[in-house]
Each structure stands twice: as C-alpha cells, then as structure tokens.
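> Provide a 3D model corresponding to the input given below.
(one chain, ligands or ions: 1)
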Amino acid sequence: MRRLWQMTMIKLARSQRVKAWAQSSRAGTALATRYVAGSNVVEGVACATQLLRNKQIRASLFYLGEYVDTPELVAQNVAAKIAVATALGDAGLDVHVSVDPTQIGHQLNPAIARQNAFRIAEAIALASRSHAGSHMLMLDMEDQGVTDATLALHNDIRAAGLPVAVTLQAYLKRSANDMNSLISSGATVRLVKGAFAAGADVAYTTRREVKSNSRNLIDLMFSKDAKATGFKPIIATHDDELQHYASQRAKEQGWVKGVEYEFEMLLGVHSELAELQASNGERVRLYTPFGSDWWPHAMRRIGENPANGMLLARSLVSG
Ligand SMILES: Cc1cc2nc3c(=O)[nH]c(=O)nc-3n(C[C@H](O)[C@H](O)[C@H](O)COP(=O)(O)OP(=O)(O)OC[C@H]3O[C@@H](n4cnc5c(N)ncnc54)[C@H](O)[C@@H]3O)c2cc1C
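Numbering: from 1, shown residues only. You can find the predicted model right below:
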C-alpha cells in the first residue's frame, strides 16, 4: 500500500501537465507553503533568518529545479545558487547551499557541471569569508548512475581547498566503502536513507535492511577513527529511532553535542521533532527549498507518507 502510494505520487511529480496546472493554480498553494520557503532568494533567506531567530534551527538553501537538460535552465539554476550564497553571507547566516549535480549541467556534460560546482563553491567561500559558521556546498546524491561522478566532484572541490560536503545513501551497498574513504580524508558527510530504488545486486531493498545499514553507517560516522580525522557527521532523517541511535553513539564516543555533528531534516516534515532536538541542544538544520518549480519536490514529500493524502486532498479541494 505504502509503495503503491509512493509510486503514484512519483508519477504525479513527473507529470509535466499536472505540474503546469498545479504551479499556476491556487490548488497547490497549501502544498507549496508547507514544503517550500518561497519563490525567490529573498523569501528563501527570510525563512532561514526566521528559523534561526525563532527556533535556533539552521538552514541549507536549495533552489528547486532538478534533472535539467537545457543550457538556459542550467544557467538559471547556477545563478540562483550563487545569488542565494551571496544573500546568506550578507545576512550573516551559514552559507549552506544544497545542489544536485543534474541541476547544474551533469546531463548536458559532466565537465560543465564540474565548472559550475566550482563557481558555486567559490561564491560560498567568498560570501562566508568574514563570519564564522558552517559554510558549505552540500552535494545531494541522486540515482546511482551519478554516484561516482558526484563523489569525484566532491573530492576535486575539496582538494582545491573549497568548502564542500557530500551525501551518502544507506540503501546502496557500496556506501560503507565510500563512507570509510570519506572518513579517512576527514570529510563532511550527510547520511540519508535514499530516495531512489535499485536492484538487490547493488542495493538494500527493504525498509528494514535500509534502516539496519543506516545504523551500521552511523557506527562508522561516530567512531573514534572518524573523530581523529576531523570527519563531520550529518544525520539527515525524520526517523526518531535513528536520530536517537545517533545521539547515543555520539555521547558514547565523546562527540560534542550541538557542535561536532548535526541533524538535518526537510522543511515541513516532522517540524516538532526538529524543534525538540534543537531545544535539547542538538544542532539542527532544515533543507529549505525555494523557487517556483516546487511541484516535484512537494509530491515526493507527499509520497513519503500515505497520511499526507489528506493534505493533498484538502489543497486540491480548496483550489
Ligand atoms: C536533509 C535531507 C536531505 C536529503 N537529501 C537526499 C539526497 O541527496 N539523496 C537522496 O536520495 N535522498 C535524500 N533525502 C531523502 C531521504 O533519502 C529519504 O527519502 C527521506 O528522508 C525519508 O526517509 P527518512 O530517513 O526520513 O525515514 P522514513 O522511514 O521514510 O521516515 C521516518 C518517519 O518520518 C515520516 N516521514 C518521512 N517523510 C515524511 C513526509 N514527507 N511527511 C510526513 N511524514 C514523513 C515517516 O512516515 C516516518 O514516520 C534527504 C532527506 C533529508 C532529510
């Protein structure tokens, strides 16, 4: 049932016809308001400012627009990523920007994506030069066809001395190896379960297996070896058991709460858990999407929990 719901929502997320209708009608407003910070840089940064001021929660800004395959849209995405980095710097906030490689030209030519990723990382370094904080180009991880390219991109940007981090997915069997090599180089890694599916030859295919591998990867991330290399763990999940598991491992291994690791969640999902963790002294960041192309992101969020069907129905009726 859950799988069927998710597949249906993913199909809706990819429908250009439904997207065009939803993004231009009142029907989608409730969805957009819940999962998206606004339609432009100013609204995105205003949301980040309020989260920090009112809830002590940080933000990673994400300009919406994925799997882009025209030079014009790539240029628009890159310009928005650079603009938001500059605006976050001007506001004195963490200059923390999330980027999908396919947003910045990977599908056109990986060399173009590489050039654009360097431009964004340089803009982040420049915008954050005069204030302390956790400043980062965070590379999201897409389907397994781009895993090697994304890791290579991360390693090259890091070798150039620019602020960069990368996401690993617990559903992929290769992630333990990837995690070990990122740990030995003292990188910053965001762990997620993974929003994609793949065959049992390369991936864990049940929720139980993925959760179990998440625990194994958390063990690596909070090991003494990881601490010794300066590795920085980011646990990105709404799964309260996994968050609890990570907090326990951190405590046992002597990681400083609120400083040496963080939790990351999505804007609009389980906000009460994010607020609880922040009030307990944990460092919490929200992945904060902004932009007008919000339909695919919102529908994937709706698909993550069948209980969100009510929200979808209400917003369609109100439109
Ligand atoms: C900050 C961040 C960055 C991410 N980046 C990537 C990435 O780069 N690549 C990638 O493949 N995936 C990414 N993801 C998505 C991730 O892989 C999972 O698909 C998603 O987070 C759901 O898994 P979960 O760990 O929250 O656990 P789940 O077991 O799916 O959820 C835990 C609990 O939260 C509830 N929940 C989860 N989502 C919702 C929702 N939308 N509405 C209501 N309840 C919900 C569930 O019902 C359950 O009770 C990211 C997630 C986060 C939080």
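
> What residues does this structure have near the ligand?
Where proximity means Cβ under 6 Å from any ligand atom, the interface of the chain facing the ligand comprises 140-141, 167, 169, 192-196, 236-239, 264-266, 269-270, 287, 301, 304-305, 308. Bear in mind the C-beta positions are built from the backbone N, C-alpha and C, glycine included.

> For burial, what's the neighbour tally of A160?
By other Cβ atoms under 10 Å, 12 other residues sit near A160.

> Could you measure from it over to the ligand?
Distance of A160 to the ligand, computed by Cβ to the nearest ligand atom, to the nearest Å: 22 Å.

> All the strands of the stretch 151-300 of the chain, residue numbers only.
Assigned by DSSP state E, counting those that start in this stretch, the stretch 151-300 of the chain shows strands spanning 164-169, 188-192, 232-236, 262-266, 284-290.

> Need those in a markdown table (columns: mean pLDDT).
Shown next, in a markdown table, are the strands of the stretch 151-300 of the chain (pLDDT from 0 to 100):
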| stretch | mean pLDDT |
| --- | --- |
| strand 164-169 | 98 |
| strand 188-192 | 98 |
| strand 232-236 | 98 |
| strand 262-266 | 98 |
| strand 284-290 | 98 |
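
> among those strands, which is the most enclosed?
Most buried of the strands of the stretch 151-300 of the chain, by mean neighbour count (mean count of other Cβ atoms under 10 Å): strand 284-290, with a mean of 25.

> same for that one, what does it pack against?
In this structure, strand 284-290 packs against helix 41-55, strand 58-63, strand 262-266, helix 271-279, with contacts taken as 3 or more Cβ pairs under 8 Å, 6 or more residues apart in numbering; DSSP states H and E.

> neighbouring strands for that strand, and are they parallel or not?
Paired neighbours of strand 284-290 in the sheet (DSSP bridges): strand 58-63 (parallel), strand 262-266 (parallel).

> Relative to D94, which of the strands of the stretch 151-300 of the chain is closest?
Evaluated over those, closeness to D94 peaks at strand 284-290, with 7.8 Å, by Cβ to Cβ.

> Need the pLDDT of A274.
For A274, the model assigns a pLDDT of 98.

> quick one: contacts for it?
Residues in contact with A274 (Cβ atoms under 8 Å, 6 or more residues apart in numbering) are K55, I57, F263, M265, V284, L286.

> Give the burial count for Q107, as a bare number.
Q107, neighbours per other Cβ under 10 Å, totals 17.

> cool, I183 as well?
Neighbour count for I183, taken as other Cβ under 10 Å: 21.

> Identify the residues contacting it.
For I183, the contacting residues are V189, L220, M221, S223, D225, A226, T229, F231, by Cβ under 8 Å, 6+ apart.

> so E264 touches I235, yeah?
Yes. Counting by Cβ atoms under 8 Å, E264 does reach I235; the two are 7.2 Å apart.

> what are the ranges of the helices in the chain?
Using DSSP state H, the helices of the chain run over 2-14, 16-24, 29-35, 41-55, 71-90, 110-127, 147-159, 175-184, 207-221, 224-229, 240-252, 271-279, 295-303, 309-318.

> what angle sits between the fifth one and helix 41-55?
I take that to be helix 71-90. Angle, helix 71-90 to helix 41-55, by axes from the mean of the first three to the mean of the last three Cα atoms, to 10 degrees: 40 degrees.

> Which parts of helix 71-90 count as buried, going by neighbours?
For helix 71-90, the neighbour count (16 or more other Cβ atoms under 10 Å) marks 73-74, 76-78, 80-89 as buried.

> That one packs against which elements?
Against helix 71-90 (3+ Cβ pairs under 8 Å, 6+ apart) you get helix 41-55, strand 58-63, strand 96-99, helix 110-127.

> closest one to T205 among these?
When the helices and strands packed on helix 71-90 are compared by Cβ to Cβ, strand 96-99 sits nearest T205, at 26.5 Å.

> and that closest one, what does it pack onto?
strand 58-63, helix 71-90, helix 110-127, strand 136-139.

> CSV for the ones you listed, including mean pLDDT?
Formatted as CSV, these follow (pLDDT from 0 to 100):
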stretch, mean pLDDT
strand 58-63, 98
helix 71-90, 97
helix 110-127, 97
strand 136-139, 98
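
> In CSV: the ones you listed, plus distance to I157.
Output for the helices and strands packed on strand 96-99, formatted as CSV (distance: least, Cβ to Cβ, whole Å):
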stretch, distance to I157
strand 58-63, 16
helix 71-90, 14
helix 110-127, 5
strand 136-139, 7
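
> what's the closest of these to H244?
Proximity to H244, assessed across the helices and strands packed on strand 96-99 by Cβ to Cβ, is greatest for strand 58-63 (20.6 Å).

> could you give the angle of that closest one to helix 271-279?
Between strand 58-63 and helix 271-279, the angle comes out at 140 degrees (the same axes, to 10 degrees).

> most neighbours per residue, which of the helices and strands packed on strand 284-290?
Mean neighbours per residue, mean count of other Cβ under 10 Å, is largest over those for strand 58-63, with a mean of 26.

> Fine by me, thanks again.
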